[in-house]
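fold the stuff below for me.
(2 chains)
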Protein chains: 2
Amino acid sequence: MKRSIEDTSVAFIGAGNLATNLAKALYRKGFRIVQIYSRTEESAQSLAQMVEAECTTALSDVTKDAQLYIVSLKDAALVRLLPEIVAGGERKALWVHTAGSIPMDIWAGHVERYGVFYPMQTFSKLREVDFRDIPIFVESRSEEDTRFLKDIAAVLSEQVYEATSEQRKSLHLAAVFTCNFTNHMYALAAELLKKYQLPFEAMLPLIDETARKVHELEPRAAQTGPALRYDENVIDGHICMLADEPEMQELYRKISESIHRLAAGK
Amino acid sequence: MKRSIEDTSVAFIGAGNLATNLAKALYRKGFRIVQIYSRTEESAQSLAQMVEAECTTALSDVTKDAQLYIVSLKDAALVRLLPEIVAGGERKALWVHTAGSIPMDIWAGHVERYGVFYPMQTFSKLREVDFRDIPIFVESRSEEDTRFLKDIAAVLSEQVYEATSEQRKSLHLAAVFTCNFTNHMYALAAELLKKYQLPFEAMLPLIDETARKVHELEPRAAQTGPALRYDENVIDGHICMLADEPEMQELYRKISESIHRLAAGK
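Coordinates of the predicted model:
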């Protein structure tokens, strides 16, 4: 009987936002999730239950029965715990991390077969995402393992790429701007609207159109608003309105200056 | 024969992004656009042609034959040109501007019937938008004119609201954060990716999901990434990568601090 890629047994080290979404997506595609490790019992149990896996909160109990170990921890924890993590598991298996900014070489000297499996998306436990259009960037030391990772990624997504550690770091930096910083602009608007007793929902059509627009136009060409037009009346009025919020005021000023400079070609 | 709201004759003072989109939307719904004024002949002609209207570049030639004048100029120009604008037109008609941050009272002393018609969206000439889900905020001095503006808005959109000048100013400030500043985050990411020779298109699934997410979760709850986790390794690495871009580096630092503070409840 031919074995299919979905027979791969997978262990997850970490049960955070990314691990939760990835484990569930793999599970649904038929992969065997054998174990979930998390420092916190609740996280480990909750995810393990969803994907019919065992769970543990002790790195020394990490299973030896996985062919693929997906390590998805906060970057600082990954670096610190690496020796302990691999000590528990099967050294001959393939080990990957999922971090945008950590080079593949962090594995060197710890295990033989290693790599990176980086789905570039914003993940929250509370929200299910469709993996089909999430770009997944993989990297490994051998052609065979790269092929293996690409095959796994292709079960989930239509956008599978190889990327070097350097490229992945660049993508991750750009992603912080497009996702985290963008979301923070939403969050600051939400704070303002709360103060004015206006509903955040009123912003949703604007948020959607701003996102849709850059599918067609380059972001520079898509820009509008007072900073672009350098409409000092409006800018000064807004800065005045933010007098009680010095931090937001400073961000308003700096981002407006940056918009204006980019439009003027510096 | 009963006259319908679409028989209203409309003149546009201004042929910019907003005026272009609004004039086309009204034209398509059957409104009679009688004239387009723009300082630049090309803009006036081009829009006039699209909506079968006359055009002029002289404020002294503004038609007297409109029942509704929609003034959509850069805010500073509106303030400066107001006396000249109304001198040309029909003083008994209804006059509205479309600016988020300009109070309705700017009209006082110039014309009898006036108000505001503010579609809260980002408009570019190059991109057609669907007005149906654009919130339109109207304001006027009389119940009758408010009803009239709401009826016109309702032909275009399913989201029509009355808003005071104060509320509109607050909405506009929040809109600058959700739209212009958000788009600037996209633009900065695009600059970075160009430098690294990576395609901006790779960011689109992330941009879309970041926008979709806040339909379900509050922006604060939707946040992810190194600033939220206070992952100093990653943050320091990114700040290092931006060494050649001091302005982007400063924004990275300030926005990350702001994310972290908001998450910590200040």
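
for chain A, which segments count as strands?
A:9-13, A:32-37, A:54-56, A:68-71, A:94-97, A:113-119, A:136-140, A:160-162 (DSSP state E).

next, format those as TSV and append distance to chain B, mean pLDDT and mean neighbour count.
C-betas here are computed from N, CA, C, even on glycine. Below are those laid out as TSV (distance: least, Cβ to the nearest Cβ, whole Å; pLDDT from 0 to 100; neighbours: other Cβ atoms under 10 Å in any protein chain shown):
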stretch	distance to chain B	mean pLDDT	mean neighbour count
strand A:9-13	17	98	26
strand A:32-37	19	98	24
strand A:54-56	22	97	18
strand A:68-71	15	98	26
strand A:94-97	13	98	26
strand A:113-119	10	98	23
strand A:136-140	9	97	23
strand A:160-162	8	95	16
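
any idea which of the ones you listed gets closest to B:L262?
Comparison of these against B:L262 by Cβ to Cβ identifies strand A:113-119 as nearest, at 25.8 Å.

give me the contact list for that closest one.
Residues from elsewhere that reach strand A:113-119, judged by Cβ atoms under 8 Å, 6 or more residues apart in numbering or on different chains: A:18, A:22, A:70, A:92-100, A:102, A:104, A:107-108, A:131, A:134-142, A:145-146, A:149, A:152-153, A:156-157, A:163, A:165, A:168, A:171-172.

quick one: strands adjacent to that strand?
Using DSSP bridges, strand A:113-119 pairs in its sheet with strand A:94-97 (parallel), strand A:136-140 (antiparallel).

hang on, the earlier thing: dump the strands of chain A to a markdown table, plus distance to A:C179.
Putting those into a markdown table (distance: least, Cβ to Cβ, whole Å) gives the following:
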| stretch | distance to A:C179 |
| --- | --- |
| strand A:9-13 | 23 |
| strand A:32-37 | 26 |
| strand A:54-56 | 29 |
| strand A:68-71 | 21 |
| strand A:94-97 | 19 |
| strand A:113-119 | 13 |
| strand A:136-140 | 15 |
| strand A:160-162 | 18 |
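
out of the ones you listed, flag the one nearest B:K213.
Among the strands of chain A, the nearest to B:K213 by Cβ to Cβ is strand A:113-119 (15.4 Å).

which of the strands of chain A sits closest to B:T178?
Smallest distance to B:T178 across the strands of chain A (Cβ to Cβ): 26.1 Å, for strand A:113-119.

quick one: that closest one to chain centroid distance?
In terms of Cα atoms, centre = their mean, to the nearest Å, the centre of strand A:113-119 is set 14 Å apart from its chain centre.

just stretch A:53-66 next, same as before
The answer for stretch A:53-66 is 24 Å, by Cα atoms, centre = their mean.

which residues touch that stretch?
For stretch A:53-66, contacts defined as Cβ under 8 Å, 6+ apart pick out A:9-13, A:23, A:33-41, A:44-45, A:47-48, A:69, A:81, A:84-85, A:87-90, A:93.

now do the end-to-end distance for it.
Using Cα to Cα, to the nearest Å, the end-to-end distance of stretch A:53-66 comes out at 12 Å.

what number of residues lie near A:Q49?
Using other Cβ atoms under 10 Å in any protein chain shown, A:Q49 has 11 other residues around it.

measure it to chain B for me?
23 Å (Cβ to the nearest Cβ, to the nearest Å).

need the pLDDT of that residue.
Listed pLDDT for A:Q49 reads 98.

who are the neighbours in contact with it?
A:Q49 neighbours (Cβ under 8 Å, 6+ apart): none.

surely A:F31 touches A:V10?
Yes: counting by Cβ atoms under 8 Å, a contact exists between A:F31 and A:V10, whose distance comes to 5.6 Å.

which residues touch A:I33?
A:I33 touches A:S9, A:V10, A:A11, A:F12, A:A23, A:L26, A:Y27, A:V51, A:E52, A:A53, counting by Cβ under 8 Å, 6+ apart.

please repeat the previous calculation with a cut-off of 6 Å.
Residues near A:I33 by Cβ atoms under 6 Å, 6 or more residues apart in numbering or on different chains: A:V10, A:A23, A:Y27, A:V51, A:A53.

got the end-to-end distance for stretch A:219-228?
12 Å.

ok, and for it, which residues are buried?
Using 16 or more other Cβ atoms under 10 Å in any protein chain shown as the burial criterion, the residues of stretch A:219-228 that qualify are A:P219, A:R220, A:A222, A:Q223, A:T224, A:G225, A:P226, A:A227, A:L228.

ok, and of those, which contact chain B?
Restricting the buried residues of stretch A:219-228 to those near chain B by Cβ under 6 Å from any Cβ of the partner chain leaves A:P219, A:R220, A:A222, A:Q223, A:T224, A:G225.

so who does the fifth one touch?
With contact set as Cβ under 6 Å, 6+ apart, A:T224 has these partners: B:T122.

then the second one?
A:R220 makes contact with B:A187, according to Cβ under 6 Å, 6+ apart.

one more time with 8 Å, if that's ok
The contact partners of A:R220, by Cβ under 8 Å, 6+ apart, come to A:L262, A:A263, B:A187, B:A190.

just among these, which is most surrounded?
Ranked by neighbour count (other Cβ under 10 Å), these have B:A187 at the top, with 24 neighbours.

if I look at it, how far off is A:L94?
Taking Cβ to Cβ, to the nearest Å as the measure, B:A187 and A:L94 are separated by 39 Å.

which residues of the stretch 51-200 of chain A fall in helices?
Here the stretch 51-200 of chain A has its helices, by DSSP state H, counting those that start in this stretch, at A:75-88, A:143-156, A:165-175, A:182-196.

pretty sure A:Q67 sits against A:V10.
Yes: contact criterion Cβ under 8 Å: A:Q67 and A:V10 qualify, at 7.4 Å.

low-scoring stretches of the stretch 101-250 of chain A, by residue?
By pLDDT under 70, the stretch 101-250 of chain A has no low-scoring segment.

model confidence over stretch A:73-88, on average?
Stretch A:73-88 carries an average pLDDT of 91.

any buried residues in it, and which?
So for stretch A:73-88, counting by 16+ other Cβ under 10 Å, buried means A:L73, A:K74, A:D75, A:A77, A:L78, A:L81, A:L82, A:I85, A:V86, A:G88.

so how far is chain B from the second one?
Noted for A:K74: a distance of 6 Å to chain B, by Cβ to the nearest Cβ.

ok, that residue to A:N21 distance?
Between A:K74 and A:N21 the distance, using Cβ to Cβ, works out to 16 Å.

swap in the fifth one?
The gap separating A:L78 from A:N21 is 18 Å, by Cβ to Cβ.
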